[in-house]
Each structure stands twice: as structure tokens, then as C-alpha cells.
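Asker: got a sequence here, can you build the structure:
(one chain, ligands or ions: 1)
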Amino acid sequence: MADKFLKVEVEQPANAKLPKRVSYSQMALFQQCGLKYFFSYIDNWREPPTAALAGGSITHDVIERLYRLPSEQRTLPAAIEILREYGPKFLQQSEYLKFADDLKMKHSVREAVENLFALETPTELVVQPEHLEMELNIEINGVNFFGKVDRFTQDGINRVTDYKTGKSPGKFVDDKLAQPYLYALAYKEQYDIDVDEVELIFLNAKEVVRRPADWGLVTKVGESLAVMRAESEASISNSAWDAKVSKLCDYCAFSQVCPARNPETTIPGGTDCDTKLASAGLLHK
Ligand code: SF4
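Answerer: Below is the predicted model:
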């Protein structure tokens, strides 16, 4: 299906504002569909957590804790021990309790943790504790950008690494690289560090993708960030957002209240729309 665009007028909250800071996820969501961005960041709806989100969060937590250990202690049994200790604690949080008996999710987390050891040798990786889950907070091209980097390593090569759970990216791998490229730009702006390489580790898919931090591509992602912000400013001031109809609409939680998918539906952001989203189980932030 070719992508189609439709400008959709919305009913915005009286004091509607764009988020002060923009993350990579916000940018990617806006690029996917402006109207979906409106529902998520202006009208403040969110989907209830999924098993995939729970599994991804546990996996990230286990790997971070593993790399905080002294290098010689970063073994697979140690990682499994961390998983046994912290996985159940994570699932005790009220919104994740429903996944406490989800064996498929648990199997996927265990697989991701085991695969880490097939993809790299944690005992040999040189990483400083302050370079794990490292926060970036810097103005890029006039936009307040923030991000949290899974891992930054300096072993002769300055490398930004992001772990991914779930499926192989296949032909969409270049789209996924936009995230570490943007982080590379933020390292330059915030710390004057030249990132040499970006890396994505697809744990469940057992794939590692490394690319040089090509400055042309890095700069381009920074420009996209500024374009995204300018377009979202225009959308909020006109109370009209671009709906982008694509295959991804089939997975969109706002599909039933989206005029681009259901021309008969009521105005996004209105009371009827809110009622429908609430009864579909979405949560107001
Ligand atoms: S259904 Fe499609 S067009 Fe509508 S908000 Fe969702 S992603 Fe955008």
C-alpha cells in the first residue's frame, strides 16, 4: 500500500503544548504519522504495556546490571542470576503484573540474555559504569534533544551501542540506525566526542549491525530532528495534523478514532473520541 497523507483537524486541549524536549522515539513517531504523535504527545494517550515492552525492559535491565559488574564476573550464570533476581521484581509493578505468568515472554528474555554471550564476550568488553544508560541532553539545530544511550565504549574506537529485542530488522535496518546516528551527533554537541562507529545488537535475532558514524548521515538525522520540530510546531498552531496512512495503521491503537481510516468517526481529541479510547483500554497520561 502506498502511503497517503490526510490533514486532520483536531480538538486540542486548551493549553496544548509540544513537549519541551524531543527524544528519538518522539521524532520516529512523528515521522511515522503526525496524527499518531498528536494522540500520544499532545492528547496524552498511551497504550497499556505489552508483553514485548515488559520483556524488552527486563532484558535491558539485566544487561545493564551485568555490565556494572567487574569484568571477570560478567558470566552467563551471573546474568541468569541477575535475571532470576530482578525479573520477578520488575513484574511485581502493578501495570506489569499481568505478565507474571507469561512463559513466552520469559523464554524470549532468557534467549536474549543467552544470545548476548554468543554475540560478544562480556568479560572482555571495556566499559565505564558512567557510560551505561548515559543521558544526553543538548540543543541540536535549535531543538532540545534528550536521549539515554544503552552503552558507550572507548576501546580505541568510540562506539555507541543500542540493544534491541524482538525480530530482525531485515530491510529496515537503515531506518533503525537513525537512532544511534542521532546519539553520535549529541555526543559531538554535548561532549565534543567524535563517535567513530554505531552499533545495534539485535539480541533475539542474534545479529550485530555496525556502521561507521558517517558524518553526512549523522548530520542528516540532525536536520530531520529540526524539520520534525518545525512541522510539529506548525501542526499544533493550526490544530491540524498529518495522518499518514500506511501498512502500520493495522497496528495503530488509534485506528478506530482516526478519520483517515474511519471517515465517519468524530473529531480527534473530542469527548466522543476520548470515550472510545478509554473503553478500548488506552490510558491517559
Ligand atoms: S491509523 Fe494510521 S493514519 Fe491513523 S493515526 Fe494511526 S498511524 Fe496515523
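Asker: before we move on, what SS does residue 19 have?
Answerer: coil (DSSP: H, G, I helix; E, B strand; the rest coil).
Asker: is it in contact with residue 44, as I believe?
Answerer: No: counting by Cβ atoms under 8 Å, residue 19 does not reach residue 44; the two are 10.2 Å apart. No exception for glycine: its C-beta is placed from N, CA and C like everyone else's.
Asker: so what's the residue count around the residue of the stretch 101-250 of the chain found nearest the ligand?
Answerer: In the stretch 101-250 of the chain, no residue comes nearer to the ligand than residue 249, which is 3.2 Å away by Cβ to the nearest ligand atom. Per other Cβ atoms under 10 Å, the neighbour tally for residue 249 reads 20.
Asker: now residue 10
Answerer: 22.
Asker: report the contact partners of it.
Answerer: 35, 38, 43, 239-241, 267-269 (Cβ atoms under 8 Å, 6 or more residues apart in numbering).
Asker: return the subset of the residues you listed lying in strands.
Answerer: Cross-referencing the contacts of residue 10 against strands under DSSP state E gives 240-241.
Asker: quick one, what contacts the residue of the stretch 101-250 of the chain closest to the ligand?
Answerer: Under the criterion of Cβ under 8 Å, 6+ apart, the contact list for residue 249 reads 33, 255, 258, 260-261.
Asker: how far away is it from residue 256?
Answerer: Going from residue 249 to residue 256 by Cβ to Cβ, to the nearest Å gives 11 Å.
Asker: and residue 137, bridged to which residues?
Answerer: With DSSP bridges as the criterion, residue 137 is bridged to residue 146.
Asker: give me the nearest residue to residue 96, chain neighbours excluded.
Answerer: Using Cβ to Cβ, 6 or more residues apart in numbering and skipping the chain neighbours, the partner closest in space to residue 96 is residue 54 (5.0 Å).
Asker: tell me how many other residues crowd that neighbour.
Answerer: Residue 54 is flanked by 23 other residues according to other Cβ under 10 Å.
Asker: now it, what's its secondary structure?
Answerer: helix.
Asker: buried sites along whichever strand or helix holds residue 81?
Answerer: Residue 81 belongs to helix 76-91 when assigned by DSSP states H and E. By neighbour count on 16 or more other Cβ atoms under 10 Å, the buried set for helix 76-91 is 78-79, 82-83, 87, 90-91.
Asker: what of stretch 90-103?
Answerer: Buried-residue list, stretch 90-103, by 16+ other Cβ under 10 Å: 90-91, 96, 99, 102.
Asker: avg pLDDT for it?
Answerer: On average, the pLDDT along stretch 90-103 is 97.
Asker: now for the helix holding residue 81, which elements pack on it?
Answerer: Here helix 76-91 touches helix 51-68, helix 103-119, going by 3 or more Cβ pairs under 8 Å, 6 or more residues apart in numbering; DSSP states H and E.
Asker: quick one, what contacts residue 44?
Answerer: Residue 44 sits next to 284-285 when contact means Cβ under 8 Å, 6+ apart.
Asker: tell me the pLDDT of it.
Answerer: We have a pLDDT of 95 for residue 44.
Asker: which phi and psi values does it adopt?
Answerer: Taking degrees, to the nearest 10, you get phi 60, psi 40 for the backbone angles of residue 44.
Asker: quick check: which element contains the nearest residue to residue 224 once chain neighbours are set aside?
Answerer: Sequence neighbours aside, residue 27 is the residue nearest to residue 224 in space, at 6.9 Å (criterion: Cβ to Cβ, 6+ apart). Residue 27 belongs to helix 24-32 when assigned by DSSP H and E.
Asker: just checking that helix against the ligand, any contact.
Answerer: No: under the criterion of Cβ under 6 Å from any ligand atom, helix 24-32 makes no contact with the ligand; the nearest approach is 6.5 Å.
Asker: state the mean pLDDT of that helix.
Answerer: 97.
Asker: up against the ligand, what does the chain have?
Answerer: Counting by Cβ under 6 Å from any ligand atom, the residues of the chain lying close to the ligand are 33, 35-36, 243-245, 248-249, 252, 254-255, 258, 260-261.
Asker: how far is the helix holding residue 27 from where the chain is centred?
Answerer: From the chain centre to the centre of helix 24-32 is a distance of 9 Å (Cα atoms, centre = their mean, to the nearest Å).
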